[in-house]
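Peer 1: sequence unavailable; structure follows:
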């Protein structure tokens, strides 16, 4: 059975189908505005709003881009990640002083906090304007986009609870906040915050602990492409070693090869189709 081409607007709970839809929405954030609008219409979303802010030096990111799409049943905000050449730039920003977290809860990575601040007012405005039928609300993103999706969802939860998201899906997300804010998000979202990590993808391991950490819910994509919700430590280490040696000509390249959004899309599709047999 093939994977569906659209997104189930009636979804309210986690499922392989929803995870696949959300990774497609995360990948869409990398496209130009015309493609976002055309794809949104194909998926049955009749309202689109773009969020785009340019940065000024010395901030290492060029800009932050996101979109919000809405139907009469579902609203999705997708945040764009970074191009591979930029990864080293924004991860190196982990040495800068952290910024206060939303509603004064804990603290966040300075660069990620600034990136979200640049578009958050328009994101919040779009959610308030579009949510006119008690639609479900979802945040998604890959790489830096995943960090922004996680922070945006938590910020809405803490600062505008009437717009509380039904779920957050991130793919290849870097560490974003301290343990206090992570604990608040774990409590607020419980089983509605889903973080996917593809085998040896290096980005989820940066910036380094203990300054920054992750929320609890992890879906690990093993070296065969199977999604696991739990895996013993020794088994996980062995699986990562297996993935790292898959390419005998460039074993270290697995850390970057596992990061692109297309790898996450392929894994979500593989597991979705497999679950339907």
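Peer 2: Nice, I can see it. These numbers come from a predicted model, not from an experiment. Numbering: from 1, shown residues only.
Peer 1: list of residues touching stretch 257-272?
Peer 2: For stretch 257-272, the external contacting residues (CB atoms under 8 Å, 6 or more residues apart in numbering) are 3, 16-17, 19-20, 23-24, 26-27, 30, 81, 84, 87, 142-143, 171-172, 196, 198-203, 221, 225-227, 243, 247. The C-beta positions use only the backbone N, C-alpha and C, and glycine is treated the same way.
Peer 1: next step: the residues you listed restricted to strands.
Peer 2: When DSSP state E is applied, the contacts of stretch 257-272 are split such that 142, 171, 196, 198, 221, 227 fall in strands.
Peer 1: in this structure the third one contacts residue 170, no?
Peer 2: Yes - in terms of CB atoms under 8 Å, residue 196 counts as a neighbour of residue 170; the distance is 6.9 Å.
Peer 1: which one's more surrounded, the two?
Peer 2: Comparing residue 196 with residue 170 by other CB atoms under 10 Å, the one with more neighbours is residue 170, at 34 against 26.
Peer 1: the more buried one pairs with what?
Peer 2: Beta-bridge partners recorded for residue 170 (DSSP bridges): residue 141, residue 195.
Peer 1: my read: it touches residue 151, true?
Peer 2: No - the criterion here is CB under 8 Å, and residue 170 misses it with residue 151 at 10.2 Å.
Peer 1: need the per-residue pLDDT for residue 111.
Peer 2: Per-residue pLDDT puts residue 111 at 82.
Peer 1: starting from residue 188, give me the distance back to it.
Peer 2: 24 Å (CB to CB, to the nearest Å).
Peer 1: who has more neighbours, the two?
Peer 2: It is residue 111, of residue 111 and residue 188, that has more neighbours when counted by other CB under 10 Å, with 24 against 17.
Peer 1: please, which helix or strand holds that one?
Peer 2: Using DSSP states H and E, residue 111 falls within helix 110-117.
Peer 1: in terms of secondary structure, what does that helix contact?
Peer 2: Packing partners of helix 110-117 (3 or more CB pairs under 8 Å, 6 or more residues apart in numbering; DSSP states H and E): strand 99-100, helix 144-159.
Peer 1: how about 10 Å then?
Peer 2: strand 63-70, helix 87-91, strand 99-100, strand 107-108, helix 144-159 (3 or more CB pairs under 10 Å, 6 or more residues apart in numbering; DSSP states H and E).
Peer 1: lowest-confidence stretch among those?
Peer 2: Across the helices and strands packed on helix 110-117, helix 87-91 has the smallest mean pLDDT, namely a mean of 60.
Peer 1: anything in contact with each of residue 170 and residue 151?
Peer 2: With contacts taken as CB atoms under 10 Å, 6 or more residues apart in numbering, the residues that reach both residue 170 and residue 151 are 79, 139, 141, 176.
Peer 1: from residue 22, how far out is the third one?
Peer 2: Applying CB to CB, the value for residue 141 to residue 22 is 9 Å.
Peer 1: name the residues contacting each of those two.
Peer 2: 78, 149, 168, 169, 170, 171.
Peer 1: wait, isn't the third one in contact with residue 139?
Peer 2: So the one you mean is residue 168. Yes - assessed by CB atoms under 10 Å, residue 168 is found in contact with residue 139 at 4.7 Å.
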